[in-house]
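Participant: The sequence and its predicted three-dimensional model are supplied below.
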Amino acid sequence: MQGVQETDFAKRWFVGPWLALLGLKLWLASRLPLFVDEAFYWQEGRHLAWAYSDLPGLTAWLARIGDGLGDGTLALRLPFLAIAAAIPWLVVRLAARELDPKAGWQAGTLALLLPLAGTMGLLAVPDVPLLLATLLCLDAGARLLRRVDAFAALELALGLVIGGLTHYRFAAVIAVGFCALLVLRDGRAALRDRRVWIALAAGALAWLPLVLWNLDNADAGLRFQLVDRHPWSFSGAGVRLGRMQLLLATPLLLLAMVVAAWRGWRDGRPAARYLAASGSMIVLGFLLLGFFADRERVSFHWPLPGYLALLPLVPAVLAGWPRGWRIATWATAAVGLGAVLGYYAVASVPSWRAQTASRNFHPTNFAGWRELDAAVRDALATMPADTRLLVGNFKIGAELGFARDDAGIAVLEHPLNDKHGRAPQLALWGISHASRATLGDGPLLLVASSSDARFRELLAHYHALCRQVGPLPPPRVLNIDHGRQRFLLFAIPRGIRSGACTAPALAFLDAPVAGKAVAGGFEVSGWAFKDGVGLRGVEVMLDGRVVAQARYGETNPGVTGYWKDSNDRNHPNVYFRARVEGAQPGARWLGLRLHGADGSVEDWPEQKIEVR
């Protein structure tokens, strides 16, 4: 009787949080701006195909289903939210059947609290169907260890097909699951059954669209996923990545998973050994891969399938811990989930997001897209009716495309398109352009970003824009979150022009240093220049208000020596100084207003200082 009561209690503690979390995610998903990858998957969904340059087709198909359900971000994300809502229930079913019902409900609750798993579905990304495929395969594998039957084989085939249609990364799950079965006597027996091999053959066929796409496109997708994006050389940066991957499991829950894996390898039950082997090999494999693979793009979520494989084994470990440690484990996991949900909440509220502009965790890829769409509409309203929209990279094209319901916005060739494996796909759609020559001589509104290039590469980026479209007119500058996200809108008139590159201005503040405390009266110094026409003046701004006129034109040969490609005629006289008086105490945002000799006015990104 007590066992039944404890199981009912565990069930209530799963169902209640599951409902609450689902409601919260629906609310957040309706408010959270579209992440750049989501926007591109939407764009792929508007160009339905069996496979794409970056991924197999399933993510785009799900995005297309969501797109058909209605307008806005919530509709796009609904299929992913539905799949994510089912994942904890699959954990419950697996753990309850193979271990015991109480452990099943507790494992499901842990899947809700595990930060990356609990927030799954908020974004329309391939990790959602990838987790579904992983759990289906895990569940099927555990069933096969008991008895090979048609249901287990069918479930395995379904998981393998979903995974093969989702991501290249699923190959690691297949390899680990196969090895886990091989090391178990019951697993080797299951692999002798032809029904299992029929399921494996069905799963292999799911990779056929990706294989055919790569054969038709010079292995572009395969080279990006396996060669171009990975240095394949050892780097100590893998320690930092591994720390992030482990931290997102929350420390005490991670410790419980380590103990569970250790015990699971020695457990007499085949299913426990299978889950321990699968989970630990996935986690350790991706931790090791972090020392050799891609360190520039987000990869802290890669071990998540391994964590979910270990969760069914964790309740038994927690049952042996003192009550205080059990409470602390559940509490820290809940805090971790709250932190990740809080990050998304900050990203969804512009005023909150702006306050993080000086922090490394600023959600830049969520920022400014609605404001950019409004600015583009305003700019187009003042231009000729036949003006064509041209954007500087795939991010801007996908985000503006979603906002404007236009999946065919012209995109300039840009290193970012290659870096993310999207360049071949843009070319296949016929919307990638090397220069203005392929767009005719009609008027253009060019929308570019200075946030997608490192500061030291900005001048080269501007010169590349000049080579692609000609000398640039004065830009309309859109600074989002104090310039952390920065867009430049160029109204390019009819006709193809040539000449020296006229580029946006560049500037740097030597003093005061960002984050430094200063008195109410303080000195401001730095340098600024503008290729093509030069600057005629610099104003200092505090919290968006001009507070001083700088003395511009001091000599600084060091700037000229560093920016050797600059054609600003003022070099080396590009240094400025100013003094600000009467600044009010507190956190303030210090910026510059740069006046070009051509009449342009550009506000430079602000930096945060503390006035004593």
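Facilitator: Right, received. Where do you want to start? Residues are numbered from 1 along each chain as shown.
Participant: OK, contacts around the closest residue to Ala460 other than its chain neighbours?
Facilitator: By the measure of CB to CB, 6 or more residues apart in numbering, the closest residue to Ala460 outside its immediate chain neighbours is Asp565, 7.0 Å from it. For glycine as for every other residue, the C-beta is placed from the backbone atoms N, C-alpha and C. For Asp565, the contact set (CB atoms under 8 Å, 6 or more residues apart in numbering) comprises Leu459, Ala460, His463.
Participant: and if you look at Ala410?
Facilitator: Ala410 sits next to Arg388, Leu389, Leu390, Val391, Gly397, Ile431, His433, Leu439 when contact means CB under 8 Å, 6+ apart.
Participant: Among these, which one is most surrounded by other residues?
Facilitator: Within the contacts of Ala410, Gly397 tops the neighbour count with 30 neighbours, counted by other CB atoms under 10 Å.
Participant: So which of the contacts of Ala410 belong to strands?
Facilitator: Arg388, Leu389, Leu390, Val391, His433 (DSSP state E).
Participant: isn't the last one right up against Asn417?
Facilitator: No - counting by CB atoms under 8 Å, Asn417 is not a contact partner of His433; they are 11.2 Å apart.
Participant: shared neighbours of those two, which are they?
Facilitator: By CB under 8 Å, 6+ apart, His433 and Asn417 have these common neighbours: Val411.
Participant: all helices for the stretch 1-150 of the chain, in order.
Facilitator: Shown for the stretch 1-150 of the chain, the helices assigned by DSSP state H, counting those that start in this stretch span residues 2-31, 36-45, 58-69, 73-98, 101-113, 115-118, 127-146, 150-164.
Participant: And these: which comes nearest Pro474?
Facilitator: Of all those, it is helix 36-45 that lies closest to Pro474, at 27.3 Å by CB to CB.
Participant: Flag every buried residue along stretch 50-62.
Facilitator: Of the residues in stretch 50-62, Ala51, Tyr52, Ser53, Asp54, Leu55, Pro56, Gly57, Leu58, Thr59, Ala60, Trp61, Leu62 count as buried by neighbour count, 16 or more other CB atoms under 10 Å.
Participant: related to what we said a few turns ago, so which of the helices of the stretch 1-150 of the chain is nearest Ala587?
Facilitator: Of all these, it is helix 2-31 that lies closest to Ala587, at 26.2 Å by CB to CB.
Participant: Which strands or helices does the closest one pack on?
Facilitator: The helices and strands touching helix 2-31, judged by 3 or more CB pairs under 8 Å, 6 or more residues apart in numbering; DSSP states H and E, are helix 73-98, helix 101-113, helix 323-348.
Participant: if we look at the second one, which residues are touching it?
Facilitator: The contact list for helix 101-113, computed with CB under 8 Å, 6+ apart, reads 3, 6-7, 10-11, 13-14, 17-18, 21, 87-89, 91-97, 117-118, 253, 308, 311-312, 314-316, 318, 330, 333-334, 336-337.
Participant: Buried by neighbour count, from those residues: which ones?
Facilitator: By neighbour count, with 16+ other CB under 10 Å, the contacts of helix 101-113 hold 7, 10-11, 13-14, 17-18, 21, 87-89, 91-97, 117-118, 253, 308, 311-312, 314-316, 318, 330, 333-334, 336-337 as buried.
Participant: ranges for the helices of the stretch 451-600 of the chain?
Facilitator: In the stretch 451-600 of the chain, the helices defined using DSSP H, counting those that start in this stretch lie at 458-469, 557-562.
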